[in-house]
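In: Sequence plus predicted model, see below.
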Amino acid sequence: MPARTPDEIRASIEANRRDLGASLELLRDQVEELTDWRKQLAAKQREAIIAAAVAGFVLGGGIAAVSGIVTLRRVRNRKKRRRW
């Protein structure tokens, strides 16, 4: 490999700095876009609403089911006691 002149080395370093600066700017923009939760939520608003509805249904149904099971056990226990 032929030896490079100091001017060629400086030019190469400067070109690398420009490329690195452009890459960092692009990366900064991408990170900013990906971490903007408001923008992400706005873009996926329909999915977020569906997920919230499903979660509410599951939680509400889970609570209702547990209370229904407890109530059903109480009713069964009362009926068993009355038979004796």
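Out: Everything's here; your move. Numbers count the residues shown, from 1 in each chain.

In: Within the helices and strands, which one has Q30?
Out: helix 6-34 (DSSP states H and E).

In: what about that helix, average pLDDT?
Out: Taken as a whole, helix 6-34 has a mean pLDDT of 96.

In: Let the chain start at 795 from now.
Out: From this message on, residue numbering opens at 795, which makes the last subject helix 800-828.

In: next structured bit after it?
Out: Downstream of helix 800-828 (by DSSP H and E), the next one is helix 831-837.

In: Dump that next one to CSV, restricted to CA.
Out: Taking Å, rounded to 0.1, in the frame of the first residue of the first chain, the C-alpha atoms of helix 831-837 are listed here in CSV:
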residue,chain,number,x,y,z
TRP,A,831,-44.7,8.0,22.7
ARG,A,832,-47.4,10.5,21.8
LYS,A,833,-46.7,10.2,18.2
GLN,A,834,-46.5,6.4,18.5
LEU,A,835,-49.9,6.4,20.3
ALA,A,836,-51.4,8.7,17.7
ALA,A,837,-50.2,6.4,14.9
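
In: Pull the residues that contact that helix.
Out: E827, L828, A842 (Cβ atoms under 8 Å, 6 or more residues apart in numbering). Where C-beta positions appear, they are placed from N, C-alpha and C, glycine not excepted.

In: And stretch 838-852, by the same measure?
Out: Looking at stretch 838-852 with Cβ under 8 Å, 6+ apart, the contacting residues turn out to be L835.

In: I'm done for today, thanks for sticking with me.
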